[in-house]
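J.: below are the sequence and a predicted model for it; my questions follow.
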Amino acid sequence: MSDHLRDHPDESDALAPEVPAHAAGSAGRVAGDLDDLFDTARRRVQGAEKPLATPWNSVNKSLGDGLWPGMYCLIRGHRRRKTQWAVQMAVHAASAGSRVLYLALELSRRELAARIVGNVAGVPWSDLLYGRLGEAGVEKAIAQSEQQVRVLPLHVECATPYGYGADTLDRRARELRPALVVLDYLQLCGGRAGEEPRLSVGRVSYVARALARDLNAVVLVLSSTARANYEALVSNPARDATDFVGLGKESGEIEYAADGVLVLARHAKPDVRVLVVASAPPRRAQGRRGHALDGGGVPGLRCHEGPMLISSFMLRARRRRALQGPGPAGGHR
């Protein structure tokens, strides 16, 4: 074909069908994606399609009104605290009518149900589960939560640690097609025979990102940090918020795949927690230059542990410096 024909397609080419570029196993002209793009833009500007809100207004503000479809990583040294944060997020989304899939690789179904009921009833889940509420307290918690929890579109699966891999995650999510997927937690996912843990984590991370893209969903992946980093998860006013990003146990693959990184850190004051929110542009980026934005005490953002401070910044040029350790080739989008 001559250069002229390549630059000036004939009539038959102009009338060629507009195959969606995103069709599985095929390539197509970008024209096939325009209707979907324009419909999405109109729905969002009209408010018909909104980000998935968290239970906390200050977190929503830092994220650009909530979690837009994408893959997010929640990092904390202590498993229980990030699990409770994720449970609160899942219950909030399901209560608003969004279908949720919660995959727990360490909790029993009973404990996960206790966490959900405790959140709805406003009581400590462990007191409910271990008989510390008293008979009257238990009956009150049941009365306050049962009707709501029974109709929640909240689907849970409690699988065997290291027996749940990327393929199973992909299959479950595509079958259910939820608006929110919670994976609790990443390091307990199984890999292929003889595969190094770092490679397994990288594989699951990118499957999670592909699910977010294909299902137009929020995928929240919980990740532990190495024990050597526990002391690093302490905030003080002089500390740069970017120091917290890259503390994942297999750092690199996790954060490189993510649209946002949430780090639950400790504060110098024992009754205060810090949530560091690192989000990728263009999440309402006006006026945001990658610097730390320190918030004050946030009423209502408690997670049963006292007030929480919000620090947020954009993952832009500082992303590489903040992420320690190499990611897969091409991973740093």
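T.: The structure has been received and is ready for your questions. Nothing here was measured: the structure is a model prediction, and the numbers come from that model. Numbering: from 1, shown residues only.
J.: name the helices or strands packed onto the helix or strand where Val219 lies?
T.: Val219 is part of strand 218-224 when elements are defined by DSSP states H and E. Contacts defined by 3 or more CB pairs under 8 Å, 6 or more residues apart in numbering; DSSP states H and E place strand 218-224 against strand 70-76, helix 79-95, strand 180-184, helix 197-215. Where C-beta positions appear, they are placed from N, C-alpha and C, glycine not excepted.
J.: quick one: average pLDDT of that strand?
T.: Mean pLDDT, computed over strand 218-224, is 92.
J.: put the alpha carbons of that strand into PDB.
T.: Output in PDB follows, covering the C-alpha atoms of strand 218-224 (Å, rounded to 0.1, in the frame of the first residue of the first chain):
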ATOM      1  CA  VAL A 218     -13.000  -0.400  42.700                       C
ATOM      2  CA  VAL A 219     -10.500  -3.100  43.800                       C
ATOM      3  CA  LEU A 220      -9.200  -2.500  47.300                       C
ATOM      4  CA  VAL A 221      -6.100  -4.700  48.100                       C
ATOM      5  CA  LEU A 222      -4.900  -4.900  51.700                       C
ATOM      6  CA  SER A 223      -1.200  -5.400  52.100                       C
ATOM      7  CA  SER A 224       1.100  -5.900  55.000                       C
END
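J.: now the angle from that strand to helix 197-215?
T.: Here strand 218-224 runs at an angle of 160 degrees relative to helix 197-215 (axes from the mean of the first three to the mean of the last three CA atoms, to 10 degrees).
J.: now do the contacts for Leu103.
T.: By CB atoms under 8 Å, 6 or more residues apart in numbering, the residues touching Leu103 are Val156, Glu157, Ala159, Tyr164, Leu169, Arg172, Val181, Val182, Leu183, Asp184.
J.: quickly list what it is bridged to.
T.: In this entry, Leu103 is beta-bridged to Glu157, Leu183, by DSSP bridges.
J.: can you list the weak-confidence ranges in the stretch 151-300 of the chain?
T.: 191, 193-194, 197, 226-256, 266-274, 278-300 (pLDDT under 70).
J.: where do the strands of it begin and end?
T.: Along the stretch 151-300 of the chain, counting by DSSP state E, counting those that start in this stretch, strands occupy 154-158, 180-184, 218-224, 234-235, 260-267, 273-279, 293-294.
J.: let me know which of those strands is tucked in deepest.
T.: Ranked by mean neighbour count, the strands of the stretch 151-300 of the chain are led by strand 218-224 with a mean of 27 (mean count of other CB atoms under 10 Å).
J.: next, the angle strand 70-76 makes with that one.
T.: 20 degrees.
J.: partners of strand 218-224 in the sheet?
T.: By DSSP bridges, strand 218-224 pairs with strand 70-76 (parallel), strand 180-184 (parallel).
J.: now the first one against strand 260-267, angle please.
T.: Right, strand 70-76. Using the same axes, to 10 degrees: strand 70-76 against strand 260-267 is 20 degrees.
J.: just the buried residues of strand 70-76, please?
T.: Buried residues in strand 70-76, counted by 16 or more other CB atoms under 10 Å: Gly70, Met71, Tyr72, Cys73, Leu74, Ile75, Arg76.
J.: now pLDDT and distance to Arg150 too, for these, in a markdown table please.
T.: Output for the buried residues of strand 70-76, formatted as a markdown table (pLDDT from 0 to 100; distance: CB to CB, whole Å):
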| residue | pLDDT | distance to Arg150 |
| --- | --- | --- |
| Gly70 | 94 | 31 |
| Met71 | 93 | 30 |
| Tyr72 | 92 | 28 |
| Cys73 | 88 | 32 |
| Leu74 | 89 | 27 |
| Ile75 | 84 | 33 |
| Arg76 | 72 | 30 |
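J.: and of the strands of the stretch 151-300 of the chain, who's closest to Ala210?
T.: Ala210 sits nearest to strand 218-224 of all these, at 9.3 Å, using CB to CB.
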